[in-house]
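In: Structure for this input, please:
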Amino acid sequence: MSRYAQKTAVPVERSRNEIEATLARYGAQQFMYGWDAGGALIAFVVEPQPGQKRQVRFHLPLPSRDERRFTHHSRGRRTSEAAEREWEQACRQRWRALLLVVKAKLEAVESGIATFEDEFLAYIMLPDGRTVGGWIGPQLDAAYDPDRGIMPAGLPLLQLEAGDPS
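Out: From the prediction side, this is the model:
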């Protein structure tokens, strides 16, 4: 299966600007963007309910320029220019995918398909700077650990007896 926007020619800056414009269109009150060696991030503030501000942060992992898929091809080493083009293509693809995710989540909320929390919970920032997903991830791993976990062995819906409404 091919990746979404695998061959896109849309520059990263345009995708980032589209994300910012989309957030503004759906009512975001603040927006920021930044990057480091590991990737990029976007963050924004929304008020899904009056008086209920939420800070949201997405980290977009970006590939390293020295990954073999960029520096080599089936016949050997790429030129540095060709490697840079391949890396830039991968970055463009990731930014288009992030735009797709953000748009889909916002539209699901706007259309009443899901709540804001349903769509953005993992990315909502906690007072200590972590996201809910970053905070709960280790707890979820522990819950599913076969030696310590307390999760049911099967899906709860499959364990219901016929006619049991609970």
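
In: so how many other residues sit close to Thr8?
Out: Per other CB atoms under 10 Å, the neighbour tally for Thr8 reads 16. Yep, even glycine has a C-beta here, placed from its N, CA and C like the rest.

In: and it, helix, strand or coil?
Out: Classification of Thr8 using DSSP: H, G, I helix; E, B strand; the rest coil returns coil.

In: distance of it from Leu62?
Out: Distance, Thr8 to Leu62, using CB to CB, to the nearest Å: 15 Å.

In: Go through the biggest helix by length in the chain and flag the buried ones.
Out: As assigned by DSSP state H, the longest helix anywhere in the chain is helix 80-110. Neighbour counts using 16 or more other CB atoms under 10 Å place 83, 86-87, 89-99, 101-103, 105-106, 109 of helix 80-110 among the buried residues.

In: Quick one: name whatever helix or strand follows that helix.
Out: Where DSSP states H and E defines the elements, the next helix or strand beyond helix 80-110 is helix 116-120.

In: Quick check: buried residues in that following helix?
Out: By 16+ other CB under 10 Å, the buried positions in helix 116-120 come out as 116, 119-120.

In: Okay, and the beta partners of the residue nearest the centre of the chain?
Out: Taking CA atoms, centre = their mean, the centroid of the chain lies closest to Phe58, which sits 5.5 Å from it. For Phe58, the beta-bridge partners under DSSP bridges are Ile42.

In: Now do the contacts for it.
Out: Counting by CB atoms under 8 Å, 6 or more residues apart in numbering, Phe58 makes contact with 41-43, 98, 101-102, 123.

In: ok, now Gln6?
Out: Taking CB under 8 Å, 6+ apart, one finds Gln93 in contact with Gln6.

In: separation between it and Arg96?
Out: Here the criterion is CB to CB. By it, Gln6 lies 9 Å from Arg96.

In: just Leu62 next, same as before
Out: In terms of CB to CB, Leu62 sits 13 Å off from Arg96.

In: same deal with Gln52?
Out: Using CB to CB, Gln52 is found at 31 Å from Arg96.

In: so Tyr4 sits right up against Leu98, yeah?
Out: No - assessed by CB atoms under 8 Å, Tyr4 is found out of contact with Leu98, at 10.4 Å.

In: Can you name the residues that contact Gly133?
Out: Counted by CB under 8 Å, 6+ apart, Gly133 has contacts 121-123.

In: and what of Gln55?
Out: By CB under 8 Å, 6+ apart, Gln55 lies in contact with 43-45, 124-125.

In: a helix runs through it, doesn't it?
Out: No - under three-state DSSP, Gln55 sits outside any helix and is assigned strand.

In: Kindly give the local confidence score, pLDDT, for it.
Out: Note for Gln55: predicted pLDDT of 98.
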